[in-house]
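Enquirer: Turn this into a model:
(chains A and B)
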Number of protein chains: 2
Amino acid sequence: MQRVKAVVRYDGTHFSGWQVQPGKRTVQLEMERVLTKIHKGEHVPVVSSGRTDSSVHALGQVIHFDTTLAVPEEKWPKALNQLLAADVQVTEAAFVDSSFHARFDALEKTYRYRVHLTKERDIFRRHYVYFYPYPISVEDIKRAAPHLTGTHDFSSFCSSRTDVTDMVRTVHEVGVEERGDELLFTFRGSGFLYNMVRIMTGTLLEVGKGLRRPEDMPAVIEAKQRESAGNTAPGHALYLLEVRYE
Amino acid sequence: MQRVKAVVRYDGTHFSGWQVQPGKRTVQLEMERVLTKIHKGEHVPVVSSGRTDSSVHALGQVIHFDTTLAVPEEKWPKALNQLLAADVQVTEAAFVDSSFHARFDALEKTYRYRVHLTKERDIFRRHYVYFYPYPISVEDIKRAAPHLTGTHDFSSFCSSRTDVTDMVRTVHEVGVEERGDELLFTFRGSGFLYNMVRIMTGTLLEVGKGLRRPEDMPAVIEAKQRESAGNTAPGHALYLLEVRYE
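Expert: I've put the predicted structure just below:
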């Protein structure tokens, strides 16, 4: 038995997120379908670094699976890509120790959120950016962002639809950058709660709109109440960029 | 009765081209659906500068339609965009003389073809570029392209599935430009035959691959036989950029 670690990229537009759900097209289902085919019908479970929601994209999702086949590590991407649907792609694969676990060993994740600051929607980017036709102060957003870093109980930034009880996470960076007509947020941290990145984005955009002040952020965290934070920004503009391990 | 000229942009991915066909989702059908709704059920025919094929995109398709409504010209884009599907958009509208005809008055059209020169497909561009993982000589393509300009009988570059009998067209420009990891072709001419831009692209790529020589192009035109030209490049990487009128 050989454990394989792989990096997976997907366009989330036509997926109901990562995790297998009855009757839904998910990335996990697609990966397992292809691996099961390669293993002549034997079911091969796939473990990822974590779920992504419906319509969320990934450039660097990390998975692991176990195989009994004698395929060399460098041949795995091609073997999988030949069978995978056009919206999923394996970009790297390597053999790892059987103790490696894509979820439990993840040290840090980086997410990107793309906001399209424009008056006119771009139909070609409609599945990839959040169309935001409102005047905003990027300066205020840049002042608010650093307040969201550090180790905190992030209950205010967690969807109520969660089973997780420990709400403490460490956020290393909340980057804010203008690139062309887009505002790019970069969230890097030890881990993120359910919808946390999207709620942080929604809250920062409310700061940009002048509905909140940058210096209100510590009180929003302190409240530990979902209601104290802003709206959940839509999933289709969110990207899991990278998962870091030892 | 007022004639309206409008510029339309569409993502062709989920359309079976421009023209209404039974049981198919087409851009014309979508435009007429919305206009009919605005006109309280009265059917409003829409005339475009010409058809585009299944999966072909447009940044500047031009249409005209007649209306009995008292909507000012500058209000038309918003009125239409509120009802149009997310993959079609009206970017401009203006009142024109009732003698204006989007198809018959078109003086010049410009198309863009995007070839993605890469070893690894980009899943996020899969509906928008032609993935071309072969080594090619851009220099040879640049030498071949000018041979395709001028006034010629372009029968060699026309799909056999056409009712048109006059195959003479004037091509003003066949531009070839590298931009990032893409090779961009620009075709500007008085008009183009059915599949002409896609066959020209396929033929130029065969020159790039070394399967044909740049100096063979005049003989390809001269043959006036579809078989003498190259393959038809796929539609999903083609864009109608602009239609010019008096």
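Enquirer: What pLDDT is listed against A:Val174?
Expert: Confidence per residue is given as pLDDT, and for A:Val174 that number is 98.
Enquirer: What of the one 4 residues further on?
Expert: Here, the pLDDT recorded for A:Glu178 equals 98.
Enquirer: Could you report the separation of it from B:Glu222?
Expert: In this structure, A:Glu178 and B:Glu222 are separated by 54 Å, where distance is defined by Cβ to Cβ, to the nearest Å. Glycine gets a C-beta too; all of them are placed from N, C-alpha and C.
Enquirer: which bits of chain A sit near chain B?
Expert: By Cβ under 8 Å from any Cβ of the partner chain, the residues of chain A that approach chain B are A:9-11, A:57, A:86-89, A:91, A:120-121, A:123-124, A:126, A:128.
Enquirer: In helices only, show me the residues you listed.
Expert: Among the residues of chain A next to chain B, no member is found in helices (DSSP state H).
Enquirer: Buried ones among those residues?
Expert: Buried residues within the residues of chain A next to chain B, counting neighbours by 16 or more other Cβ atoms under 10 Å in any protein chain shown: A:Arg9, A:Tyr10, A:Asp11, A:His57, A:Asp87, A:Val88, A:Gln89, A:Arg121, A:Ile123, A:Phe124, A:Arg126, A:Tyr128.
Enquirer: Show me chain A divided up by domain.
Expert: Here chain A is described, according to automatic domain parsing, as comprising the domains A:2-96, A:108-244.
Enquirer: May I see those organised as JSON lines, with distance to B:His152 added?
Expert: Written out in JSON lines, the entries for the domains of chain A read as follows (distance: least, Cβ to Cβ, whole Å):
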{"stretch": "domain A:2-96", "distance to B:His152": "37"}
{"stretch": "domain A:108-244", "distance to B:His152": "33"}
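Enquirer: where exactly do the strands run in chain A?
Expert: Defined through DSSP state E, the strands belonging to chain A, from first to last, are A:2-10, A:47-48, A:57-67, A:88-96, A:108-117, A:130-132, A:150-153, A:168-179, A:182-189, A:238-244.
Enquirer: Mind putting those strands into TSV with distance to B:Val4?
Expert: Formatted as TSV, the entries for the strands of chain A read as follows, by distance: least, Cβ to Cβ, whole Å:
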stretch	distance to B:Val4
strand A:2-10	42
strand A:47-48	51
strand A:57-67	38
strand A:88-96	43
strand A:108-117	28
strand A:130-132	26
strand A:150-153	56
strand A:168-179	37
strand A:182-189	33
strand A:238-244	39
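Enquirer: what about the closest residue to A:Val174 other than its chain neighbours, how many neighbours?
Expert: Residue nearest to A:Val174 in three dimensions, not counting chain neighbours: A:Ala145, with 4.2 Å by Cβ to Cβ, 6 or more residues apart in numbering or on different chains. Here the count is done by other Cβ atoms under 10 Å in any protein chain shown, and A:Ala145 has 22 residues near it.
Enquirer: Could you measure from A:Ala145 over to B:Thr13?
Expert: 35 Å.
Enquirer: and what of A:Tyr194?
Expert: Here the distance between A:Tyr194 and B:Thr13 works out to 31 Å (Cβ to Cβ).
Enquirer: what does A:Tyr113 give?
Expert: Separation of A:Tyr113 from B:Thr13 (Cβ to Cβ) stands at 24 Å.
Enquirer: Of those two, which one has the most company?
Expert: For A:Tyr113 versus B:Thr13, neighbours defined as other Cβ under 10 Å are more numerous around A:Tyr113 (24 against 16).
Enquirer: In contact with that one, which residues?
Expert: If a contact means Cβ atoms under 8 Å, 6 or more residues apart in numbering or on different chains, then A:Tyr113 has A:Tyr130, A:Leu184, A:Phe185, A:Phe187, A:Val197, A:Arg198, A:Thr201, A:Ala233, A:Ala237, A:Leu238, A:Tyr239 as its contacts.
Enquirer: Pairing partners for the first one in the sheet, please.
Expert: In this structure, A:Tyr130 has beta-bridge partners A:Val115, where bridges are defined by DSSP bridges.
Enquirer: Kindly report the same for the fourth one.
Expert: Residues in a beta bridge with A:Phe187, per DSSP bridges, are A:Tyr111, A:Val174.
Enquirer: next one: the last one
Expert: On DSSP bridges, the residues paired with A:Tyr239 through beta bridges are A:His57, A:Arg112.
Enquirer: Run through the residues that contact it.
Expert: With contact taken as Cβ under 8 Å, 6+ apart, A:Tyr239 is in contact with A:Val56, A:His57, A:Ala58, A:Leu59, A:Tyr111, A:Arg112, A:Tyr113, A:Arg114.
Enquirer: I'd like the distance between it and B:Val90.
Expert: In this view, A:Tyr239 and B:Val90 are 30 Å apart by Cβ to Cβ.
Enquirer: cool, the third one as well?
Expert: Between A:Phe185 and B:Val90 the distance is 31 Å, computed by Cβ to Cβ.
Enquirer: same thing with A:Leu148?
Expert: For A:Leu148, the distance to B:Val90 under the criterion Cβ to Cβ works out to 40 Å.
Enquirer: Which residue, neighbours along the chain excluded, lies closest to A:Asn195?
Expert: Nearest residue to A:Asn195, sequence neighbours excluded (Cβ to Cβ, 6+ apart): A:Ser159, at 4.0 Å.
Enquirer: Thanks again, I'm all set now.
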